[in-house]
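Trainee: Sequence first, predicted coordinates after that:
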Amino acid sequence: MLMTHNSHEPIADPAAGHHMEEELRSQPDVWAQAVENIDRSALPDAGTRVAIVGCGTSWFMAQSYATLREQSGQGETDAFTASEAFPARDYDAVIALSRSGTTTEVLQLVSGLRDDVRTIGIVAEESTPLGSAVGDVIALPFADEQSVVQTRFATTALAVLRASLGEDLAPVIAQARDAVGSALDEALLSAEQYTFLGTGFSVGLAHEAALKMREASQSWTESYPAKEYRHGPISIASEGRVVWMFGTPPTGLAKDIAVTGAHFENGGGDPMVDLIRAQRVALERARRAGLNPDKPRNLSRAVILDQ
């Protein structure tokens, strides 16, 4: 269990998480820049069969995009963590998502694809191994980060992908501008355990929120599709714990959680905006615990494995 300081005690290191804070707060502006300059021709056409791959945070963004693309009727879309993908399937295009452009499993997967499969890389910088390995590159240098813990690069990539499907993200960006400065309930900051839930494309975002909390603050977190929650995981809910729903909750869920005594959180806005709020909770909990999410233990900015 993560032990947190009393909310009235001074932060152990006021500079801890400086980069993460700046980067997560910049998200509305960075999303707007990305959407304004999107090159839709670099992404798959409607009707094509697509796989999107990534590792860690990128995998969760891939899950969200795959759901949105299928739900919008634009074609069969699968999301895989790169190490567990099925590259021999008959895909028209494969999108590889990697902030660093150096992730070993992603590079290995791209190099093993058939020559007739279109490859698209979404990276922070084009001049990376992944940028050189794919046929088309979407570079987002203005969304790159110094913090090991990802915030804005991942969400900016998803904003680009959502816009490529024809979504108008202006309302989402407006909500995000409010979220970066809104007050956070103390119940969210001092809980001993968190469960994040989602439906549709917000399932991937719920998984990402849980990952952010683990990475940044070493918090005890879980995540599930919302309708799976009552098939066992609800047994962990109790007073002093949080169940955080991204998007519209299934009928009866809030009532069932209330019985457990857990705090039920549901912002009601776009799930990407709730993710910003979860990022802020992770940052504050890290600071209260004397941790630095810019340099979390056991983690590096890119995972490069021995060959």
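Mentor: Perfect, I can see it now.

Trainee: my guess is residue 177 contacts residue 28, does it?
Mentor: Yes: with contact defined as Cβ atoms under 8 Å, residue 177 reaches residue 28; the gap is 4.6 Å. Just so you know, the C-beta spots here come from the backbone N, C-alpha and C atoms, and that holds for glycine as well.

Trainee: more crowded one of these two?
Mentor: residue 28 (23 against 17; other Cβ atoms under 10 Å).

Trainee: Read off the pLDDT value for the more buried one.
Mentor: Residue 28 carries a pLDDT value of 98.

Trainee: Just give the nearest non-adjacent residue to it, would you?
Mentor: The shortest distance from residue 28 to any non-neighbouring residue, by Cβ to Cβ, 6 or more residues apart in numbering, is to residue 176 (4.1 Å).

Trainee: Also residue 101?
Mentor: residue 128 (2.6 Å).

Trainee: number of nearby residues for the one you found?
Mentor: 21.

Trainee: With residue 161 instead?
Mentor: Neighbours of residue 161 (other Cβ under 10 Å): 24.

Trainee: Can you tell me how far it is from residue 92?
Mentor: Here residue 161 is placed at a distance of 16 Å from residue 92 (Cβ to Cβ, to the nearest Å).

Trainee: what does residue 37 give?
Mentor: 25 Å.

Trainee: out of the two, which sits in the more crowded spot?
Mentor: Neighbours were counted for residue 37 and for residue 92 using other Cβ under 10 Å; residue 92 has more, 16 against 10.

Trainee: so the residue lying closest to the more buried one once chain neighbours are set aside, which of the three states?
Mentor: Leaving aside its sequence neighbours, residue 92 sits nearest to residue 48 (Cβ to Cβ, 6+ apart; 4.0 Å). Here residue 48 is coil, with the state taken from DSSP: H, G, I helix; E, B strand; the rest coil.

Trainee: OK, contacts around residue 48?
Mentor: Residue 48 makes contact with 75, 92, 93, according to Cβ atoms under 8 Å, 6 or more residues apart in numbering.

Trainee: what are the ranges of the helices in this protein?
Mentor: With helices called from DSSP state H, the chain shows them at 18-25, 27-36, 57-71, 104-111, 129-133, 152-164, 170-179, 186-189, 202-217, 253-260, 271-288.

Trainee: so what are the domain limits for this protein?
Mentor: 27-167, 173-288 (automatic domain parsing).

Trainee: Let me know which of these is the nearest to residue 17.
Mentor: domain 173-288 (5.0 Å; Cβ to Cβ).

Trainee: And the closest one, end to end?
Mentor: 29 Å (Cα to Cα, to the nearest Å).

Trainee: residues contacting the residue nearest to the spatial centre of the chain?
Mentor: In the chain, the centroid-proximal residue (Cα atoms, centre = their mean) is residue 208; its distance is 4.1 Å. When contacts are counted by Cβ under 8 Å, 6+ apart, residue 208 is found next to 57, 60, 61, 154, 275.

Trainee: and what of residue 150?
Mentor: Residue 150 neighbours (Cβ under 8 Å, 6+ apart): 56, 57, 99.

Trainee: Report the contact partners of the nearest residue to the first one once chain neighbours are set aside.
Mentor: Closest residue to residue 56 in three dimensions, ignoring its sequence neighbours and counting by Cβ to Cβ, 6+ apart: residue 211, at 6.9 Å. The contact partners of residue 211, by Cβ under 8 Å, 6+ apart, come to 56, 57, 60, 221.
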